[in-house]
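1. need the 3D shape of this:
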Amino acid sequence: MRKTIVILGVFVLVTVCAGCQSGAPLSSAKPDVYLVRQTDETIAIDGRLNEPAWQRAEAISRFYVFRPEGADAISPTQVRMLWDQEFLYLCFQCEDADIWSFSDTPDDSLWDGDVAEFFVKPYRDQRFYYEFVFAPNGTLYDARYPSRGSGLASRFKGWSSGAKIATTINGTDNDYHDDDTGYIIEAAIPWAAFREAGKPATGTQWTFGAFRYDYSKLFEEPLLLKSFPGEATQGFHSYESYGEMRFVSR
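-> Okay, here's the model as predicted:
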């Protein structure tokens with residue numbers, strides 16, 4: 001049986017990847033700068049991605065295995081970003097044969113099930129950064145960290161970004177008896193969430209990492225993916241290796 005679920009809401013989500021604190025270097029190469037294109041279209045946060053602006057946005061489709069070492073397959077994943085005067089827009093398209101949302105409680109340990117994660121650090125020379133974790137069922141975990149070693153989720157998960165999120169599930173969440181196709185996450189994060197950095201101007205450059213947890217009946221252990229090559233000695237919090245994102249006009 002197949003069904004599609006669309007969930008729309010406001011989410012508080014910064015994921016602390018408690019289990020992601022080790023990993024072997026994969027490459028020393030740096031990824032290209034991702035160009036976040038400005039849009040004047042109205043983006044409906046409905047999990048459908050049917051606005052033309054999404055088709056013009058650059059896609060990040062190359063991901064690297066963080067864990068387990070020697071994984072022989074990578075779950076296909078695409079990430080896109082857009083921006084306007086109000087929001088940073090973000091979408092994930094995740095192929096997944098066995099979709100499993102761990103919890104529907106905001107700020108829970110959502111990474112104990114399937115999630116897509118987005119970390120953003122506006123300034124490399126300052127310590128603060130943000131984390132957003134999105135479950136297929138539309139639940140959010142968000143947090144703002146004043147520094148990496150400052151306590152992580154146990155202290156900072158009460159922060160709220162005010163983000164909007166919608167998801168579409170192509171399959172059946174939390175039922176391993178059938179084969180699913182995947183899920184889409186669409187989010188809009190208001191610039192007010194990034195109060196220390198403020199709204200970017202054209203040409204502003206931040207740093208980011210995109211990640212994924214994929215639990216599956218097909219795997220012996222969860223597959224953890226990251227958008228950048230190179231070292232990740234602090235797991236998904238290894239912001240020294242994050243890629244660059246540059247805000248550009250249309």
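
2. show me the shaky parts of the protein.
-> Residue ranges of the chain with pLDDT under 70: 1-31.

3. can you show me the helices along it?
-> Counting by DSSP state H, the chain has helices at residues 52-56, 153-156.

4. need the contact list for the residue lying closest to residue 239 once chain neighbours are set aside.
-> Once flanking residues are discounted, residue 239 sits nearest to residue 121: 4.7 Å by Cβ to Cβ, 6 or more residues apart in numbering. No exception for glycine: its C-beta is placed from N, CA and C like everyone else's. Listed by Cβ atoms under 8 Å, 6 or more residues apart in numbering, the contact set of residue 121 reads 128-130, 206-208, 239, 242.

5. in strands only, show me these.
-> Under the assignment DSSP state E, the contacts of residue 121 contribute 129-130, 206-208 to strands.

6. identify the farthest-apart pair in the residues you listed.
-> Using Cβ to Cβ, the pair of the ones in strands among the contacts of residue 121 lying farthest apart is 130 and 207, separated by 11.1 Å.

7. quick one: the nearest residue to residue 220 once chain neighbours are set aside and residue 79, what's the gap?
-> Among residues not flanking residue 220 along the chain, residue 68 sits closest, at 7.9 Å (Cβ to Cβ, 6+ apart). According to Cβ to Cβ, to the nearest Å, residue 68 and residue 79 sit 22 Å apart.

8. the more surrounded of these two?
-> It is residue 79, of residue 68 and residue 79, that has more neighbours when counted by other Cβ atoms under 10 Å, with 24 against 12.

9. how close does the more buried one get to residue 36?
-> Per Cβ to Cβ, residue 79 is found 11 Å from residue 36.

10. contacts only, for residue 213.
-> Residues near residue 213 by Cβ under 8 Å, 6+ apart: 111, 113-115, 117, 222-224.

11. if we can go back for a sec, make TSV from the contacts of residue 121 and add neighbour count to it.
-> Putting the contacts of residue 121 into TSV (neighbours: other Cβ atoms under 10 Å) gives the following:
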residue	neighbour count
128	16
129	24
130	24
206	22
207	19
208	25
239	18
242	24
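
12. return the member of those nearest to residue 55.
-> Nearest to residue 55 among the contacts of residue 121 is residue 208, at 21.2 Å by Cβ to Cβ.

13. list the contacts for the closest one?
-> Residue 208 touches 34, 118-121, 227, 242-243, 245, counting by Cβ under 8 Å, 6+ apart.

14. quick one on the thing from earlier: beta-bridge partners for the residue nearest to residue 239, please?
-> Counting by DSSP bridges, residue 121 is bridged to residue 207.
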